[in-house]
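Enquirer: Quick one, fold the following:
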Amino acid sequence: QRCASAHRCARCTLRFLELEAPRLFRYSEAALARALSSTFASSEVQANARNDSEATLCQLCFGALQDAGLHAMALEIGSKLVEYETDAEFKLTVGLPPASLIREHVFLKELCAATTADDAKTAQRKTISLRLAFKWALGYLIETQYALTFSAQSAFFVSVNLDHDESNIETLSLF
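Expert: Numbers count the residues shown, from 1 in each chain. Take a look at the predicted model:
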């Protein structure tokens, strides 16, 4: 039950609410936290929707979906896209550290173990993957800041590979 009680950022909380709404991921953590807290009465959702992203690293995405990391990546990638003079449309391909994917899988298993069989199947089917949520959050942030268009159908793609020292250490200790 360690993952179930872990601190989650607002975007990770949103991923597990079974809402496939890509545009929601473009809002800041503070805005999402406020919306989640006011919309959902569940104390778990409210507790995990806190906006303490600067003080606490999300234990599910290792900060990949938190504003501090996203803004730094958007600045670097967006400025390079502008220099490259693209046709103003791009898509993202994402590589994530194995520890992030393992953590997500463990959390889903714990979440499913705490629900009925039908609810568990629905949760596994409707949960938004970290990779997809990261694409949406970073893509829409770049789109907003640089007047470029984030599109899954673009022929021009940007490859982003996340590496996190702490997650690599954790990955090595798992094997």
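Enquirer: Which residues does the strand ranked longest in the chain contact?
Expert: Scanning the chain for the strand with the most residues, using DSSP state E, yields strand 89-95. Contacts of strand 89-95 with the rest of the structure, by C-beta atoms under 8 Å, 6 or more residues apart in numbering, involve 81, 131, 134-135, 138-139, 142, 148-154, 156-162. Every C-beta, even on glycine, is put in place using the N, C-alpha and C of the backbone.
Enquirer: Filter those residues down to just the ones in helices.
Expert: Members of the contacts of strand 89-95 lying in helices (criterion: DSSP state H): 81, 131, 134-135, 138-139, 142.
Enquirer: Identify, from the residues you listed, the entry nearest to Leu36.
Expert: Phe134 (18.5 Å; C-beta to C-beta).
Enquirer: can I assume that closest one is in contact with Leu65?
Expert: Yes - using C-beta atoms under 8 Å, Phe134 is in contact with Leu65, at 6.2 Å.
Enquirer: out of the two, which sits in the more crowded spot?
Expert: Leu65 (28 against 25; other C-beta atoms under 10 Å).
Enquirer: Where does pLDDT dip in the protein?
Expert: Along the chain, the model assigns pLDDT under 70 to residues 1-6, 41-55, 86-87, 112, 114-125, 163-175.
Enquirer: quick one: the strands in it?
Expert: Here the chain has its strands, by DSSP E, at 89-95, 149-150, 157-161.
Enquirer: tell me which residues in the last one are buried?
Expert: Of the residues in strand 157-161, those with enough neighbours to count as buried (16 or more other C-beta atoms under 10 Å) are 158, 160.
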